[in-house]
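Novice: Please work out how this folds:
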Amino acid sequence: MKRRDFLTSSLAASTLAFTNQANQAQAQTTASGAREYYHLRKYHMQNGPQTKLTEGFVDNALIPALNRLGIAPVGAFHLDLGPETPTLYVLMPSTNLETLVNIDHKLVEDETFMKAAEPFWSAPATAPAFIRAESSLLSAFPGHPKLTPPPSTAQHDKRVFQLRTYESPSFGDHVRKVEMFHKGEFEYFRNAGFDQVFYGDTLVGPRMPNLTYMLSYPELSDLTAKWKAFGSDPGWKKLSSDPRYSFEPIVSNVSNLILSPTGYSQI
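Specialist: As a prediction, this is how the structure comes out:
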């Protein structure tokens, strides 16, 4: 079979299989509530006054206002290992897509927010509160429709987070990679002992097509052992060697970040 024919038939089979799985997962989601969307925002800063100003804004103004809009739990994380530190990540989940895409316009209608946010909101151009902010909009995977904070969040125990983004060379490869999660990767992560926080398909954002997901650990030292257990799972070995996913590299680049929750994070 010619490579072009193989690609076409492979993509068609993958799309059909993923669509069937997504429809089944969506039916389950409908029974338990709507699937979530995620607004992931990054505040790039410089060390010094900026970090204190932005931290105070997110803690005292932004998160309370988001909660009043029905957006909860809100995650706030420091970037510990990765490029461009200091960066503050804010994760906003909601089933209301309109609210997420119009957050800034809705926030200015909240008088309590505007009063608490005034130092941040009115920072002069000569002393801005941050260098740049970036946002991505994601849709939860049908097979993992809602954000799941790790158990350690409720006990306020120590926890670390791993934020991974998989870029694919084409939208066809991206569809196949998302399909792999629904074909068993969720289960293999669970078997390896991971706390799975969220899985999101990027709808709007840089470097598309890509997907992003978040895992959690009690200690950073747990990361290596859990990934080793995942990689040795017989189910994962079988899935990753399936010709539908292994005939070419369907992930072209991986971003791998280590985050720690702020003291005011709700995740």
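
Novice: Where do the helices of the stretch 151-267 of the chain begin and end?
Specialist: Under the criterion DSSP state H, counting those that start in this stretch, helices of the stretch 151-267 of the chain are mapped to 151-154, 171-180, 186-191, 222-231, 234-240, 243-246.

Novice: Just say which of these is most tucked in.
Specialist: Greatest average neighbour count among the helices of the stretch 151-267 of the chain goes to helix 171-180 (a mean of 21), per mean count of other CB atoms under 10 Å. Every C-beta, even on glycine, is put in place using the N, C-alpha and C of the backbone.

Novice: least reliable of the helices of the stretch 151-267 of the chain going by mean pLDDT?
Specialist: Of all these, mean pLDDT reaches its minimum on helix 151-154 (a mean of 89).

Novice: which residues touch that helix?
Specialist: The contact list for helix 151-154 (CB atoms under 8 Å, 6 or more residues apart in numbering) reads Pro73, Lys158, Arg159, Asp195, Ser216, Pro218, Pro261, Gln266, Ile267.

Novice: still on that earlier bit, looking at the helices of the stretch 151-267 of the chain, which is nearest to Leu138?
Specialist: helix 171-180 (11.8 Å; CB to CB).

Novice: Quick check: closest non-adjacent residue to Thr85.
Specialist: Once flanking residues are discounted, Thr85 sits nearest to Leu79: 5.2 Å by CB to CB, 6 or more residues apart in numbering.

Novice: Just the element for the one you found, please.
Specialist: strand 75-81 (DSSP states H and E).

Novice: May I see the buried residues of that strand?
Specialist: Of the residues in strand 75-81, Gly75, Ala76, Phe77, His78, Leu79 count as buried by neighbour count, 16 or more other CB atoms under 10 Å.

Novice: quick one, what contacts the second one?
Specialist: If I follow you right, that is Ala76. By CB under 8 Å, 6+ apart, the neighbours of Ala76 are Val58, Asp59, Ile63, Leu88, Tyr89, Val90, Leu91, Pro261, Thr262, Tyr264, Ser265, Gln266.

Novice: give me that answer again for 6 Å
Specialist: Ala76 makes contacts with Val58, Val90, Thr262, Ser265, as judged by CB atoms under 6 Å, 6 or more residues apart in numbering.

Novice: Out of these, give me the one that has the most neighbours.
Specialist: Ser265 (24 neighbours; other CB atoms under 10 Å).

Novice: Number of residues surrounding Ser170?
Specialist: Neighbours of Ser170 using other CB under 10 Å come to 14.
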